[in-house]
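[1] My questions concern the predicted model and sequence given below.
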Amino acid sequence: MVGIGPGDYREMTVRAVDALNACDVIVGYHVYVDLVKEHFPDKEFHTTPMRREVDRCKLALELAREGRDVAMICSGDAGIYGMAGLIYELLGDEGDIEVEVVGGLTAACSGAARLGAPLTHDFAVISLSDLLTPWETIERRLECAAMGDFAVALYNPSSVKRRDYLQRACDILLRHAKPETVCGAVRNIGREGEAVEVMPLAELRDYEADMFTTVFVGNSHTRVIDGHMVTPRGYRDV
Ligand code: SAH
């Protein structure tokens with residue numbers, strides 16, 4: 001299980017590169033396969049469409065049972081909204097296949113680096129996708145994060161079917177956070193069309209995020225310094 005980072009080859013770990021060089025077969029969602037293909041041209045690639053995560057894992061396990069050395073790739077980190085957990089669940093306690101998880105740079109880290117330093121103090125990571133999580137649970141977590149004055153990284157902020165989810169999330173955060181709370185959005189991190197924006201929470205409400213955007217909401221101490229989103233490490237004046 002290999003996390004390939006956000007997209008730019010230079011943000012893949014050396015260990016991930018070693019794992020992909022050493023394997024026979026690379027399995028993944030086609031977007032991620034396209035991102036790594038040119039660097040591993042001699043490998044056999046297998047892709048499955050989005051939402052076919054279980055099929056993708058089963059395919060990887062099938063190939064491994066045939067004796068192949070399989071690398072299953074996920075963007076960012078394989079264990080953060082990725083498939084590392086699913087592979088363990090499918091394998092159960094049988095343990096007939098040896099699994100290794102190779103950590104990767106998750107979008108919260110790579111996106112934060114583009115913005116400046118928004119996650120320097122305590123932060124929460126919340127996905128707005130209600131495909132696998134009830135919306136009420138997401139709402140509760142958003143409210144708790146805002147009550148706790150956590151900076152928040154929002155994954156899956158929008159999709160064609162969930163256009164207004166970011167707006168709904170902002171409205172919940174606004175129950176506890178000020179409209180001027182410093183926020184940021186990073187689109188296509190490490191990929192073509194990378195774009196970074198800093199804006200207040202009141203404006204984030206109307207921001208058109210897509211499924212390749214990670215959104216950052218600051219805590220009450222987050223500031224804009226020379227165009228960068230910065231959360232102080234401590235709550236003291238500097
Ligand atoms: N395993 C991934 C997360 C997968 S969930 C990781 O650790 O980064 C998919 C969500 O991750 C997207 O909707 C987006 O919010 C975020 N994301 C992943 N890659 C991204 C990228 N290159 N640029 C911006 N956001 C990204």
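    Arrived safely, thanks for sending. Remember, predicted model here, so these are calculated numbers, not experimental data.
[2] residues in the protein within reach of the ligand, list them.
    6-7, 74-77, 80-82, 106-107, 111, 155-157, 186-191, 211-214 (C-beta under 6 Å from any ligand atom). Where C-beta positions appear, they are placed from N, C-alpha and C, glycine not excepted.
[3] residues in contact with the residue nearest to residue 130 when sequence neighbours are not counted?
    Once flanking residues are discounted, residue 130 sits nearest to residue 138: 6.2 Å by C-beta to C-beta, 6 or more residues apart in numbering. Contact analysis of residue 138 by C-beta atoms under 8 Å, 6 or more residues apart in numbering lists 126, 127, 128, 130, 169.
[4] coming back round to it: buried ones among the residues of the chain next to the ligand?
    6-7, 74-77, 80-82, 106-107, 111, 155-157, 186-190, 212-214 (16 or more other C-beta atoms under 10 Å).
[5] quick one: the residue nearest to residue 130 and residue 209, what's the gap?
    According to C-beta to C-beta, to the nearest Å, residue 138 stands 15 Å off from residue 209.
[6] and what of residue 233?
    Counting by C-beta to C-beta, the gap from residue 233 to residue 209 is 28 Å.
[7] More neighbours: the two, which one.
    The neighbour count for residue 233 versus residue 209, taken as other C-beta atoms under 10 Å, is higher for residue 209 (21 against 11).
[8] helix/strand/coil for the more buried one?
    coil (DSSP: H, G, I helix; E, B strand; the rest coil).
[9] Nearest to the ligand: which residue in this protein?
    For the chain, the residue closest to the ligand is residue 76, as judged by C-beta to the nearest ligand atom, at 2.0 Å.
[10] That residue is in contact with residue 11, isn't it?
    No. Counting by C-beta atoms under 8 Å, residue 11 is not a contact partner of residue 76; they are 9.6 Å apart.
[11] so what's in contact with these two at the same time?
    Joint contacts of residue 76 and residue 11 (C-beta under 8 Å, 6+ apart) are 5, 105, 110.
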